[in-house]
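> Give the three-dimensional model of this entry:
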Amino acid sequence: MRLSISFLFFFLFISLPLQALSQTLSVKSNRINLRTGPGETHSIKCVYSRGFPVKPLKTEGDWVQVTDFENEIGWVSKQFLSSSPHAIVSVNKGSKSRINIRSGPGTNYPIVGQSYYGVIFSIIGKKGEWRKIRHSSGLSGWIQESLLWGD
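Numbers count the residues shown, from 1 in each chain. Next up, the predicted model:
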């Protein structure tokens, strides 16, 4: 019995960091570099801006290996990441097509704005398959979850 309880605590202790890695994080700095390896000596692959959502894959010291909505994988410093929920429009790449932003969580609500592929939003609410969003411009509304990547 004592061995079973010890094993259970060990399993829970080990699984907690793995659960934390499944959550989407976002960039809290104006700009951060995505690097090829864990450290400033590694070359820069691309630059992310504030709010850009990423999913952590693993950690090494103060660095986190992440992936983004285009499946780009690289390393960023932990200090520039936040658990603040953000999402990015992940549909209509290479198109001038726009997605609708609605006043409520459903297609029966009026359109209050539109957005393109790659635009970042803060997530400020959820209802079913809809996400309440706010853009840095001040626009807020609802977008269907399937059109977004991130939390």
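> What about the nearest residue to I133 once chain neighbours are set aside, how many residues nearby?
Excluding its sequence neighbours, the residue lying closest to I133 (C-beta to C-beta, 6 or more residues apart in numbering) is F121, at 3.8 Å. (Each C-beta comes from the backbone N, C-alpha and C, glycine too.) As a burial measure, F121 scores 26 neighbours (other C-beta atoms under 10 Å).
> List the neighbouring strands of the helix or strand that contains F121 plus their orientation.
Using DSSP states H and E, the element containing F121 is strand 120-127. Partners of strand 120-127 in the sheet, by DSSP bridges, are strand 86-89 (antiparallel), strand 130-134 (antiparallel).
> For that strand, give me every contacting residue.
49-53, 84-89, 105, 115, 131-136, 140, 142-143, 148, 150-151 (C-beta atoms under 8 Å, 6 or more residues apart in numbering).
> Could you list the buried residues of that strand?
120-123 (16 or more other C-beta atoms under 10 Å).
> distance between that strand and the chain's centre?
What separates the centre of strand 120-127 from the centre of its chain is 11 Å, taken as C-alpha atoms, centre = their mean, to the nearest Å.
> swap in stretch 104-120?
On C-alpha atoms, centre = their mean, the centre of stretch 104-120 falls 19 Å from the chain's centre.
> Could you list the low-pLDDT ranges of the protein?
1-22 (pLDDT under 70).
> Show me it divided up by domain.
Segmentation of the chain into domains, based on automatic domain parsing, reads 23-84, 87-150.
> so of the strands paired with strand 120-127, which one's packed in deepest?
strand 86-89 (a mean of 23; mean count of other C-beta atoms under 10 Å).
> Now do it: distance to the chain's middle.
Here strand 86-89 is found 7 Å from its chain centre; the criterion is C-alpha atoms, centre = their mean.
> Touching it from outside, list them.
With C-beta under 8 Å, 6+ apart as the criterion, strand 86-89 contacts 24, 26, 51-53, 69, 99, 115-123, 131, 133, 143, 147-151.
> So among the residues you listed, which ones count as buried?
Buried members of those, scored by 16+ other C-beta under 10 Å, are 24, 26, 51-53, 69, 99, 115, 117, 119-123, 131, 133, 143, 147-151.
> And the strands in the protein, which stretches?
With strands called from DSSP state E, the chain shows them at 25-27, 31-35, 44-49, 53-60, 63-67, 73-77, 81-82, 86-89, 99-102, 111-115, 120-127, 130-134, 140-144, 148-150.
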